[in-house]
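J.: This is the structure alone, sequence omitted:
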């Protein structure tokens, strides 16, 4: 189809879709309205299970099955990227060249690295109490490791980041989440039931039953997954070259 | 004015679709797809908002003292973000391979798979 | 028993995680054996649950049983239809893993387990979608199966077409999924719930006798768009042939055999639980939308199927065409039509997977899937040729294959002029495959010639320069590949021929459906006659095409239709937008939209 015909098609379809969405928006409840039955129940359920961060309770207790699917998506995407960004038949690996880094950048990166790493771990650990959790903290921690690439060079990054270990860590963390879910099933409780541990004291690190454990498993999974994902893309940019030398 | 946030979500979705359909570069197209997805975040969060409410985290407020926004949509948005990031990563990996095998990332120049 | 329902998802996911964790230290046969074992365990679990699914199993994950009718957890529904789809998906995954056993292309270095792990994740995603009773949960597992499917489609990164097809697949399907999520957000705004049945109640309460408004119609259109993109309904179908032509054969077996059908199943499930009440979509509007799109899909798929010479692409278009029939079947809103469609899906899954398996054997043996180049070359593969012919006849509806029974039952339930559609579509797709069989395996008819006056762009997708998927070109066909194809055909045969099987399927589907009636399903004289008619038409058409190729060779009249399949992702997105508008118009035209 030529671009002109495509544009007409887009205008026609887009106008129809826009009209549909606009008509729907006009019938939506008022913005800021108070009718949230599921939300109110979720807050109540979180409080009865001593989880201060309701969102953590929704993610790792009430709707933990969704989070399992979400974790599987991340896991599958990482595995997919490992497969798709592998070394093709006509490619070879080149040794990455050492790179010059401006001293201020190097100093900043080396100072920021431990701070960012600790921040990430803190955000993971306090997921059931304060905003954040395994997903958010995992990304921060994984990014921290990559300050090594900015502050030094690719070879230095590869030394602090053995990809094989992170791949295994990704898979093991996913297994831990699933095994925690399965733990109660032989005893006759439901899958992913939050009944293994006491709910603890409200607003303490150990509160919420299995929520902190599942949260930690997700934190580890996300951190490892992001590291592996970035490693595959960086490999393409830095190491893998085509035979023809293009 | 009460429909404005919803209309913005609708606008972002449609404009993302427009960009996707008329894109001349696959990396840009994957970006446009992410724009479409942003519309879902906006809509979900707008749906969950409650007047005068704060975050549904009770480590620093007394339960029941203030209204809180709907925690369910926040959890859904988090899931949505993870899904979006992974899909984007996977599609970009495919674009990397397309640029190697076809030598171009312009969809107009991909001359395979017709008829 | 109901506590075991979530294990349908957890078992394959755990197995995949363990495979990846140990992937570096395990030799390839062990990794593949473990993959088969895990897949078989899940299949066995699905079958055991299926046998216990009357009355339907309901599970609240995490033990969040509703108190006073309300719950904060996720509901899983283990009824006959959902568990049946999960069992079908699991069995096909097992077949695909067995088919690829040790012969499939070298995995990435140090990742012996990556292919079986991806297949297991695919299985987990499909099972999760099949048993979801919560709309957002359905979206999550829908995305899981999509993400794995993109990666698997692009698995052979050394092929330019494979990565292009996978990207098209990814972009179009992701757009559909985001549309679905927009719809879920709209429905959540209206009802404040996520469990499908609760959303349905919420819509009915909100309508309060006034019928649906723009919001519920928009929710329906957006959610169903996502599912129809997956089901490859016209005009959302363009991604499917591009993805199927390039995906590895074991993946094609799953994509065509069950993933596309899961889209149809999703429409059926969502309509039945969410939109069938007074606040949902009126029955007449739903029927109009689905029958219109279904007829278009069936017709476009059949015409395109006939003009292909790339064998895998031909089979892909035949899948589109049959999906159109399934959409008509569920759009009819009759218990018998649902039963017939379920049987048709089962039979089609076996037949189509067997045909893809046979096409894969051709690819691995001869390095091409071009009907013209292969003319007469596969005479040596007698067994495969016989299976191909049998598969073609089954596709045309030969009794007593499951496809024949499904076709007969849905035909009878839908009735009227649509009977012609069922017969014609079965005949044309069956004839196209029969034509391939006669030329490729028996060398009948004159050798087809390239078109005079140079090649058109549309003829370039011929499959003549495809790479074998095995490490090197096969000199003899492994027994596992033949056995898998034969077993799949036998399964499709048993689905129609095994006494009592049809009754069991019908009972499960009726119990899961919302009709409250139990219909009896069996072969009827009229059904058998119509099946024989479509088979005879297929044989006649194929004979004509082989003996007098010029009479039925691609006339330029079909060229505009073929040009629409342009391989351009922007075009496909534009069609998707138009499809959403069309769907909206189809449901709104008779309704009382404000």
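T.: Here it is on my side, so go on. The structure displayed is predicted, hence computed values, not measured ones. Numbers count the residues shown, from 1 in each chain, chains lettered A, B, ... in the order given.
J.: what about chain A, any weak spots by pLDDT?
T.: Residues of chain A that meet the criterion pLDDT under 70 lie in A:243-246.
J.: Chain B too?
T.: B:1.
J.: Show me the longest helix that occurs in it.
T.: With secondary structure taken from DSSP state H, chain B has its longest helix at helix B:71-102.
J.: what distance separates that one from the centre of its chain?
T.: Distance of helix B:71-102 from its chain centroid, counting by Cα atoms, centre = their mean, to the nearest Å, is 9 Å.
J.: Centre-most residue in chain B?
T.: Centroid check for chain B by Cα atoms, centre = their mean gives residue B:37 as the closest residue, at 2.1 Å.
J.: name the element it belongs to?
T.: Under the criterion of DSSP states H and E, residue B:37 resides in helix B:26-48.
J.: Would the longest helix of chain B count as contacting chain C?
T.: Yes - contact between helix B:71-102 and chain C, assessed by Cβ under 8 Å from any Cβ of the partner chain, occurs at B:72-73, B:76, B:79-80, B:83, B:86-87, B:90-91, B:94-95, B:97-98, B:101-102. Bear in mind the C-beta positions are built from the backbone N, C-alpha and C, glycine included.
J.: and that helix, what does it pack onto?
T.: helix A:37-48, helix A:54-57, helix A:64-84, helix A:134-145, helix A:211-238, helix B:26-48, helix C:135-153, helix C:160-191 (3 or more Cβ pairs under 8 Å, 6 or more residues apart in numbering or on different chains; DSSP states H and E).
J.: switch to 7 Å and redo it
T.: helix A:37-48, helix A:54-57, helix A:64-84, helix B:26-48, helix C:135-153, helix C:160-191 (3 or more Cβ pairs under 7 Å, 6 or more residues apart in numbering or on different chains; DSSP states H and E).
J.: got a list of what residue 220 touches?
T.: Because you didn't say which chain, this covers chain A. For residue A:220, the contact set (Cβ atoms under 7 Å, 6 or more residues apart in numbering or on different chains) comprises A:169, A:173.
J.: You answered for a different chain; I wanted chain C.
T.: Contacts of residue C:220 by Cβ under 7 Å, 6+ apart are C:275, C:281, C:587.
J.: For chain C, what's the nearest residue on chain B?
T.: residue B:115 (3.1 Å; Cβ to the nearest Cβ).
J.: right, and the secondary structure at that residue would be what?
T.: Per DSSP: H, G, I helix; E, B strand; the rest coil, the secondary structure class of residue B:115 is coil.
J.: right, and residue C:6 touches residue A:191 too?
T.: Yes - counting by Cβ atoms under 7 Å, residue C:6 does reach residue A:191; the two are 3.8 Å apart.
J.: Common neighbours of these two, please.
T.: Residues touching both residue C:6 and residue A:191 (Cβ under 7 Å, 6+ apart) are residue C:61.
J.: and the residue of chain B closest to chain C, how many neighbours?
T.: Close neighbours of residue B:115, defined as other Cβ atoms under 10 Å in any protein chain shown, add up to 26.
J.: now swap in residue C:589 and tell me
T.: For residue C:589, the neighbour count with other Cβ under 10 Å is 11.
J.: quick revisit: pretty sure residue C:564 is one of the things the residue of chain B closest to chain C touches, is it not?
T.: No - counting by Cβ under 7 Å, residue B:115 does not reach residue C:564; the two are 9.3 Å apart.
J.: Without its sequence neighbours, what residue ends up closest to residue C:136?
T.: Counting by Cβ to Cβ, 6 or more residues apart in numbering or on different chains, the nearest residue to residue C:136 once its immediate chain neighbours are dropped is residue C:194, at 5.0 Å.
J.: How about stretch A:90-104 and chain B, any contact?
T.: No - with Cβ under 7 Å from any Cβ of the partner chain as the criterion, chain B is not reached by stretch A:90-104; the gap is at least 8.3 Å.
J.: Who are the packing partners of the helix or strand containing residue C:428?
T.: Here residue C:428 sits within helix C:418-442, counting by DSSP H and E. Helices and strands touching helix C:418-442, by 3+ Cβ pairs under 7 Å, 6+ apart, are helix C:283-306, helix C:311-331, helix C:382-395, helix C:402-414, helix C:525-547.
J.: Contacts made by the last one with the rest, please.
T.: Read it as helix C:525-547. Here helix C:525-547 makes contact (Cβ under 7 Å, 6+ apart) with C:393, C:396-399, C:404, C:407-409, C:411-412, C:419, C:423, C:426-428, C:430-431, C:434-435, C:438-439, C:444-445, C:551-552.
J.: Buried ones only from these, please, as a PyMOL command.
T.: With 16 or more other Cβ atoms under 10 Å in any protein chain shown as the criterion, this PyMOL line picks the buried residues out of the contacts of helix C:525-547:
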select buried, chain C and resi 393+396+397+398+399+404+407+408+409+411+412+423+426+427+428+430+431+434+435+438+439+444+445+552
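J.: starting at the chain centroid, how far to stretch C:543-560?
T.: In terms of Cα atoms, centre = their mean, the centre of stretch C:543-560 is set 28 Å apart from its chain centre.
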